[in-house]
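In: Here is my input, please return the structure:
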Amino acid sequence: MDFKVTRPDVVRAINQRWLLKFWQRHQGTGKIPRWQSAEAENLTRAGCLSVLDVAGPTEAPRFQIRSHDERIARVYGSQDCRGRFLDEVIPARNYPTGLAPYFQSLRSARPVYTIHDVRDRNGLVIHFERLLLPFSQGGDVIDRILASFEFICEDGAFDDRELMTTQSVPPTLRLSATIESLA
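Out: Okay, here's the model as predicted:
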C-alpha cells in the first residue's frame, strides 16, 4: 500500500479536520503530541472514535483496542472490542488495507488518512474515511493511536450493521496518504 505525502486539506470531514488541527496544535516542539493533551480535551464532539494502544515489541507491534464509539461496534458487528487486538477484529482478507495505515502512522510518526469504498447490505456505496493520529505518553515513542472514522453515502441513509465484516471482497482503496508537517 503506497502512502503519498499530502497536505492536510485532503481530509474532507469537518470533525476529522478539527482533530487534525488539534493534533498539530498539541504537537508543540516535539514530533509526537502527548496523549495527556487528548485526555484533557472533550473529544466526544469529534464523532466516531477509537483509541488503540500500541502493544508488543517494536519490530512486531499490535494494536490493542482501548475504547471505541458505539457506531464502530455496530459496523464491526461486535458489542465491545475493548481489550481485543485489531487483527482479531478485522477479517484476515482485509489485513493489507486494514492494518497498513496503522503501521504507516507508527513508522512515519505522522497522521495517516485513507478512504475506502465498501457496500452495505443493500449494495449502496459507502465512503469509509479513516484518520489515524499517533500520540505518546512520554513524548518520544508512539504508544497510542486515535482513530477517527466517517461513513458517508452519497445516496443518503445506509445500513451500517456489520458493514466492515460482511464484505464479500476487500474494500476498494480510493486514497492513502500521510499528512505532511506544516511546521
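In: Excluding chain neighbours, give the residue nearest to the residue nearest to the spatial centre of the chain in space.
Out: With the centre of the chain defined as its mean C-alpha position, the nearest residue by C-alpha atoms, centre = their mean is residue 147, 3.3 Å away. Distances taken as C-beta to C-beta, 6 or more residues apart in numbering put residue 50 closest to residue 147, at 4.3 Å, once the chain neighbours are dropped. Just so you know, the C-beta spots here come from the backbone N, C-alpha and C atoms, and that holds for glycine as well.
In: Relative to residue 173, how far out is that neighbour?
Out: With distances taken as C-beta to C-beta, to the nearest Å, residue 50 is found 20 Å from residue 173.
In: Counting neighbours, go ahead and name the busier of the two.
Out: residue 50 (23 against 15; other C-beta atoms under 10 Å).
In: Now name the helix or strand holding the residue lying closest to residue 12 once chain neighbours are set aside.
Out: Using C-beta to C-beta, 6+ apart and skipping the chain neighbours, the partner closest in space to residue 12 is residue 129 (6.5 Å). For residue 129, the host element (DSSP states H and E) is strand 125-135.
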